[in-house]
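1. Sharing a sequence plus its predicted fold:
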Amino acid sequence: MNSGKVLLGVLAGLAAGALMGILLAPDKGSQTRRKILGKGEDFADALKDKFDELADTLTNKFENTQQEAEELISYGKAKYDGAKKA
């Protein structure tokens, strides 16, 4: 989770730097607004991709944990049945 926070901070820094660069550039207002909109869409897409990646990672971890728990339960039941017969 720590690397996720670092990546989010880097993305926020990049977005802030890009926004400041656009605002300080000597362009017409309409061009500046268009650039800001484009950068905002790029940032939103990058954030969505990162969120999807995080959701996939969490899903995989949950499924792995669930499988391990089921295996542990099966092992425990087998041990119990073995002890019960003995």
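-> Yep, that arrived.

2. Which secondary structure element is home to residue 65?
-> When secondary structure is defined by DSSP states H and E, residue 65 falls within helix 29-85.

3. What is that helix packed up against?
-> helix 2-24 (3 or more CB pairs under 8 Å, 6 or more residues apart in numbering; DSSP states H and E). Using the backbone N, CA and C atoms, a C-beta is placed for each residue, glycine as well.

4. got a pLDDT number for residue 37?
-> On pLDDT, residue 37 comes in at 83.

5. picking that back up, how far off centre is the helix holding residue 65?
-> 8 Å (CA atoms, centre = their mean, to the nearest Å).

6. Now do that helix against helix 2-24: the angle between them, please.
-> 170 degrees (axes from the mean of the first three to the mean of the last three CA atoms, to 10 degrees).

7. who are the neighbours in contact with the closest residue to residue 47 other than its chain neighbours?
-> Leaving aside its sequence neighbours, residue 47 sits nearest to residue 11 (CB to CB, 6 or more residues apart in numbering; 6.7 Å). Residue 11 is in contact with 43, 46-47, 50, counting by CB atoms under 8 Å, 6 or more residues apart in numbering.

8. Name the member of those with the most neighbours.
-> residue 43 (17 neighbours; other CB atoms under 10 Å).

9. per-residue pLDDT, the closest residue to that residue other than its chain neighbours?
-> Nearest residue to residue 43, sequence neighbours excluded (CB to CB, 6+ apart): residue 15, at 4.6 Å. The score at residue 15 is 81. That number is its pLDDT.
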